[in-house]
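A.B. asks: Based on what follows, work out the 3D shape:
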Amino acid sequence: MLLFLGAGSLKSQDIPPPNPGLVINITDGWVIDFIFDEFNEYQNGINAGQSTFIRIGAIYDWKLQFNADQLTFIGSLPGNTMALNNLGVTISSVGTNTEFNGHITNNATVAVGLESGFVTLLTPGSLTNKGYHYENRYTLNWQMGTMQGTMNNKSMLDQMIDGDIEADDYTVTVILTLSVYP
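C.D. replies: Sure, this is the predicted structure:
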């Protein structure tokens, strides 16, 4: 059995648009694909090789959230769906605004599972997170079926055995939303 899962595509938005004082750029990793073709992947998930790189320019303190554009992953065969929280993300800072120097509160140091509603990933720390693209550069490391953090606590194998998912090609669009932090 072969299970193919894709984040379909990533979309970003600045709230309220257009907002020249708050800009998010996805520089690489627009499409994320996971192909389950080994027993170990069904049992332990895939936690490597799928990353998205973003830059944020902001004259305001900001927050970054993510969500799916639908309630479940949708399969290519009619009626096949899969829980969103099988997909998770961790974030690491590659700019100068980091959680270690107080500029960022990173809620995704441990895997955060995807949901249909907004999930807050990054907010200001004890200091401001305003800055240019070299200050606010982040790597979003995607994982599927690893059962870490707030992700689904059942392996992909167990979900298949229990009839929760069928072998299929599943897709979802993940939306990254950048907005002014209150």
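
A.B. asks: pLDDT below threshold where in the protein?
C.D. replies: Low-confidence segments of the chain (pLDDT under 70): 1-19.

A.B. asks: So which residues of it form helices?
C.D. replies: 39-44, 156-161 (DSSP state H).

A.B. asks: could these be laid out in CSV, adding mean neighbour count?
C.D. replies: The way it works is simple: take the backbone N, C-alpha and C, and place the C-beta from them, glycine included. Shown next, in CSV, are these (neighbours: other C-beta atoms under 10 Å):
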stretch, mean neighbour count
helix 39-44, 14
helix 156-161, 18
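
A.B. asks: Including distance to residue 147, could the ones you listed go into JSON lines?
C.D. replies: Shown next, in JSON lines, are these (distance: least, C-beta to C-beta, whole Å):
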{"stretch": "helix 39-44", "distance to residue 147": "8"}
{"stretch": "helix 156-161", "distance to residue 147": "9"}
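
A.B. asks: among the ones you listed, which is nearest residue 80?
C.D. replies: Checking these against residue 80 by C-beta to C-beta gives helix 156-161 as the closest, at 11.6 Å.

A.B. asks: For this protein, which residue occupies the most central location?
C.D. replies: residue 89 (4.4 Å; C-alpha atoms, centre = their mean).

A.B. asks: At which residues are the strands of this protein located?
C.D. replies: 3-15, 22-28, 33-36, 51-58, 62-68, 73-75, 81-82, 87-93, 104-106, 112-113, 119-124, 137-144, 169-180 (DSSP state E).

A.B. asks: Quick one: closest of these to residue 42.
C.D. replies: Among the strands of the chain, strand 33-36 sits nearest to residue 42 (C-beta to C-beta), with 5.7 Å.

A.B. asks: I'd like the distance between the nearest residue to residue 84 once chain neighbours are set aside and residue 29.
C.D. replies: Leaving aside its chain neighbours, residue 84 sits nearest to residue 114 (4.4 Å; criterion: C-beta to C-beta, 6 or more residues apart in numbering). To residue 29, residue 114 is 15 Å away according to C-beta to C-beta, to the nearest Å.

A.B. asks: which of those two has more neighbours?
C.D. replies: Neighbour count, other C-beta atoms under 10 Å: between residue 114 and residue 29, residue 114 has more, with 24 against 17.
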